[in-house]
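**Student:** Here is a sequence with its predicted model. Questions after.
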Amino acid sequence: MAAPELIAIVDDDKDVLIAMQGLVETFGYRTAAFASASEFRASDAINEARCLIVDVRMPQVSGIELFHALITTGDPIPAIFIAANPNPKVERQLLEEGAIAYFAKPVQTEALRASLHMTLHPVPGSNSHDHNQRNCSIRKPHQHC
């Protein structure tokens, strides 16, 4: 039996990091939590993580900078962004660049579960490039995940 997929979580807010880790583990996934982008990049999890949940704004290296760095290396990890202060312009940009989802904190449990499930268990025959199906926003409840 295969081990559950590893989800990497990067957030500089310790309380959010702990809460997000606990929530994702209730979905049946393994987690690796990091307080900074640098910690994540220096870890072995960077090679094993199947999805990244990352805070948009962090000191030193932001979640956006981390996402771009991973794309540049040619080994991008599907990313779900979380933001304390959501910005529609940033959300649009990230989704256009291939982010899976962009959520306002606190993240709604079912929206996060659906985004992770669609990312890790795509429906055979579905178009993985259809942003309306892959990208969901808490602030846009009319979109279906």
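**Tutor:** Arrived safely.
**Student:** Tell me the spacing between the nearest residue to Leu23 once chain neighbours are set aside and Ser36.
**Tutor:** Closest residue to Leu23 apart from its sequence neighbours, by CB to CB, 6 or more residues apart in numbering: Thr109 at 6.5 Å. (Each C-beta comes from the backbone N, C-alpha and C, glycine too.) With distances defined as CB to CB, to the nearest Å, the gap from Thr109 to Ser36 amounts to 25 Å.
**Student:** between the two, which one's more packed in?
**Tutor:** Ser36 (17 against 11; other CB atoms under 10 Å).
**Student:** what does the model give that one for pLDDT?
**Tutor:** What the model reports for Ser36 is a pLDDT of 98.
**Student:** Equivalent analysis for Val123, please.
**Tutor:** Looking at Val123, its pLDDT reads 80.
**Student:** Please apply the same query to Ala3.
**Tutor:** Each residue has a pLDDT score; the one for Ala3 is 85.
**Student:** pretty sure it is in a helix, no?
**Tutor:** No. Checked against DSSP: H, G, I helix; E, B strand; the rest coil, Ala3 lies outside a helix; its state is coil.
**Student:** Need phi/psi at the residue lying closest to it once chain neighbours are set aside.
**Tutor:** Distance criterion CB to CB, 6+ apart; nearest residue to Ala3, sequence neighbours excluded, is Arg30 at 6.7 Å. Recorded main-chain torsions at Arg30 are phi -80, psi 150, according to degrees, to the nearest 10.
**Student:** quick one, what contacts Arg30?
**Tutor:** By CB atoms under 8 Å, 6 or more residues apart in numbering, the residues touching Arg30 are 3-7.
**Student:** hmm, which two among the residues you listed are most spread apart?
**Tutor:** Ala3 and Ile7 (12.3 Å; CB to CB).
**Student:** Good, wrapping up.
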